[in-house]
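Participant: Structure for the following, please:
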Amino acid sequence: MPENITKDQHFMPQFYLKYFTNPEGKLEILNCELRKVVTSRTPKHVCNDEWFYSMNGKADDISQVIEKSFSKIEDGIAKSYEEIIQKIIGCKKITEKDKMIISTFMSMQYLRGPYMRKQLKKLDEQLIKQTTKMRFGHTDAYNSSFFDEYEKETGIKVTPEHKEEFIKSAQSGDYEIEVSNRAHLMILNEMNGFRNFLFGKEWMIYISRSSKKFITSDNPVIEIFPSWTVKIFYGPHFMQRTHQLSLTPDVLIVANEPKDLPKEFTMGKIKRKTLFDNPKDNTKILTLNFESPKHSIIYAYANNKDQLEEIIHDANLHFSQQNERLKSLILPR
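Facilitator: So this is what the prediction gives:
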């Protein structure tokens with residue numbers, strides 16, 4: 001273990017979060033589970049966890065290497081970030097290099113956070129449970145060598161009752177598994193591949209010149225599946241999914257599937273749309289902002305408390321209307 005270690009490891013860059021701070025340098029925070037605005041905090045004190053990049057949530061060398069690698073990538077992106085933002089707002093040409101830098105940032109944030117970790121752990125758990133179910137699903141399961149090996153390793157006698165209880169649990173899947181962070185740490189090696197996919201997508205960049213601004217969350221790169229997802233078994237591939245990221249309160253990117261998949265690696269088209277302070281455009285901003293709390297881990301962030309309160313109001317109104325619709329369907333008139 002190196003002498004200069006980082007215990008509180010961030011999964012979101014502070015330079016990015018600073019764009020969403022209020023005049024006091026703090027983030028206004030919405031707890032999406034409670035649907036409540038909570039105490040504001042500085043970027044340094046959010047989106048981090050102890051030994052986040054370790055294998056099992058404990059101090060190790062791996063976490064230090066990954067933390068330093070991400071810090072280096074973040075420093076490189078931060079040097080160009082503001083310049084690219086000004087190009088977007090000023091309607092200047094966005095170069096291939098500019099799009100590649102933002103695609104790198106999107107890929108990094110798509111892969112590194114708790115959302116991706118949760119998904120991969122869920123897949124690992126499902127695989128282990130399915131494998132265990134098949135292993136102990138045959139009629140000779142009681143005579144499995146697993147029980148003999150267990151007795152040798154632990155010195156504990158396995159009774160017929162223990163075997164029956166174990167096999168029953170294996171079949172039902174009614175048990176918990178502690179899965180390491182291995183799969184998540186391994187997928188971080190694929191960052192360049194996902195960067196290339198995002199680079200090839202068609203981007204719609206929204207620019208807010210309204211009093212309403214964009215917000216972000218602890219899962220900043222939002223992944224939205226197409227409506228036909230449930231209609232087929234294998235689901236949509238990465239390019240068919242929509243990816244959304246608020247670059248700043250003034251700029252939001254929606255990365256869509258290209259209409260014509262390129263035969264070789266090329267930059268997808270970029271379009272820009274400016275939103276002004278009128279009812280139609282403000283509704284569009286609110287609709288785009290709604291995706292942040294919907295896809296967050298727990299928290300959404302903004303530089304303005306009123307915007308979060310507006311989202312809460314509209315969310316409560318939406319759920320109230322949904323409940324009324326359900327009541328009208330269920331209750332007799």
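
Participant: In the protein, where is pLDDT below threshold?
Facilitator: Scanning the chain with the threshold set as pLDDT under 70 gives 1-3, 231-234, 261-265, 318-333.

Participant: which stretches of it form strands?
Facilitator: Using DSSP state E, the strands found in the chain span residues 8-10, 27-31, 36-41, 48-50, 202-208, 216-217, 222-224, 242-248, 251-256, 270-275, 299-302.

Participant: Of these, which is nearest residue 119?
Facilitator: Of all the strands of the chain, it is strand 222-224 that lies closest to residue 119, at 9.6 Å by C-beta to C-beta. C-betas here are computed from N, CA, C, even on glycine.

Participant: thinking again about what came up before, of all the strands of the chain, which one is nearest residue 235?
Facilitator: Evaluated over these, closeness to residue 235 peaks at strand 222-224, with 11.9 Å, by C-beta to C-beta.

Participant: circling back: what's the most buried one of the strands of the chain?
Facilitator: Of the strands of the chain, the one with the most neighbours on average (mean count of other C-beta atoms under 10 Å) is strand 216-217, at a mean of 28.

Participant: what does it contact?
Facilitator: The list of residues contacting strand 216-217 from outside it, by C-beta atoms under 8 Å, 6 or more residues apart in numbering, reads 16-17, 20, 32, 245-246, 292-293, 295-297, 299-302.

Participant: longest helix of this structure?
Facilitator: Secondary structure of the chain read by DSSP state H shows that its longest helix is helix 61-89.

Participant: who are the neighbours in contact with residue 137?
Facilitator: Taking C-beta under 8 Å, 6+ apart, one finds 170, 171 in contact with residue 137.

Participant: Dihedrals phi and psi, it?
Facilitator: Per-residue torsions, residue 137: phi -100, psi 0 (degrees, to the nearest 10).

Participant: Now do it against residue 170, distance only.
Facilitator: As judged by C-beta to C-beta, to the nearest Å, residue 137 and residue 170 stand 8 Å apart.

Participant: And residue 116, by the same measure?
Facilitator: If you measure residue 116 against residue 170 using C-beta to C-beta, the figure is 28 Å.

Participant: do the same with residue 289
Facilitator: Taking C-beta to C-beta as the criterion, residue 289 is separated from residue 170 by 45 Å.

Participant: what about those two, which has more around it?
Facilitator: Ranked by neighbour count (other C-beta atoms under 10 Å), residue 289 and residue 170 place residue 289 first, with 25 against 20.

Participant: mind listing what the closest residue to the more buried one other than its chain neighbours touches?
Facilitator: Leaving aside its chain neighbours, residue 289 sits nearest to residue 215 (5.1 Å; criterion: C-beta to C-beta, 6 or more residues apart in numbering). Neighbouring residues of residue 215 by C-beta under 8 Å, 6+ apart: 20, 246, 249, 289, 292, 300, 301, 302, 307, 308, 311.

Participant: Tell me where the chain has helices.
Facilitator: Remark: helices assigned in the chain by DSSP H are 14-17, 61-89, 96-112, 114-135, 145-154, 160-172, 182-187, 191-200, 279-294, 305-330.

Participant: deepest of those, which one?
Facilitator: The stretch of the helices of the chain with the highest mean neighbour count (mean count of other C-beta under 10 Å) is helix 96-112, at a mean of 20.

Participant: What helices and strands are in contact with it?
Facilitator: Contacts defined by 3 or more C-beta pairs under 8 Å, 6 or more residues apart in numbering; DSSP states H and E place helix 96-112 against helix 61-89, helix 191-200, strand 242-248, strand 251-256.

Participant: Name the nearest residue to residue 309, sequence neighbours excluded.
Facilitator: Nearest non-adjacent residue to residue 309 (C-beta to C-beta, 6+ apart): residue 37, at 6.3 Å.

Participant: nope, residue 13 is what I meant
Facilitator: For residue 13, the nearest residue in space outside its immediate sequence neighbours is residue 74; the separation is 4.4 Å by C-beta to C-beta, 6+ apart.
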